[in-house]
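Q: This is the structure alone, sequence omitted:
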């Protein structure tokens, strides 16, 4: 039950595609992540995932459409839905999903799969 600053927490992140946990509640984790470039196609079989843009602009691409998100907008990706994220310039994103959800879902990728549970 302490105050935390998103500005301060994002300033601690110096790599892309590596989510950091900043809070946990009701079996969910609130993660901060910086995106730049294109993430691999993947899906989460059992978990819904919500992307909320804090700063910048990103796209969530599905096989049949793309959703562009700007600061203050969000998108929920339903479980089982194949998707990928991308950003032409660095974007800061808040992710809400069940604890211990692998960022690459069904895919294990040497470059993009991040360790779970890294707290800042």
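A: Nice, thanks for sending it over. Fair warning: this is a prediction, and the values are worked out from it, not measured in the lab. Numbers count the residues shown, from 1 in each chain.
Q: In contact with residue 22, which residues?
A: The contact partners of residue 22, taken as Cβ atoms under 8 Å, 6 or more residues apart in numbering, are 4, 6, 9, 30-32, 119-120. Just so you know, the C-beta spots here come from the backbone N, C-alpha and C atoms, and that holds for glycine as well.
Q: Return the set of buried residues in the strand or helix carrying it.
A: Using DSSP states H and E, residue 22 maps to strand 20-25. By neighbour count on 16 or more other Cβ atoms under 10 Å, the buried set for strand 20-25 is 20-22.
Q: with those residues in mind, which one is nearest to residue 89?
A: Comparing the buried residues of strand 20-25 against residue 89 with Cβ to Cβ places residue 20 closest, at 20.1 Å.
Q: The longest strand belonging to the chain versus strand 20-25: what angle between them?
A: Looking across the chain with DSSP state E, the single longest strand is strand 83-98. Angle of strand 83-98 versus strand 20-25, following axes from the mean of the first three to the mean of the last three Cα atoms, to 10 degrees, is 40 degrees.
Q: Outside of strand 83-98 itself, list whatever touches it.
A: Residues contacting strand 83-98 (Cβ under 8 Å, 6+ apart): 6, 10, 16, 19, 27-44, 46-62, 77.
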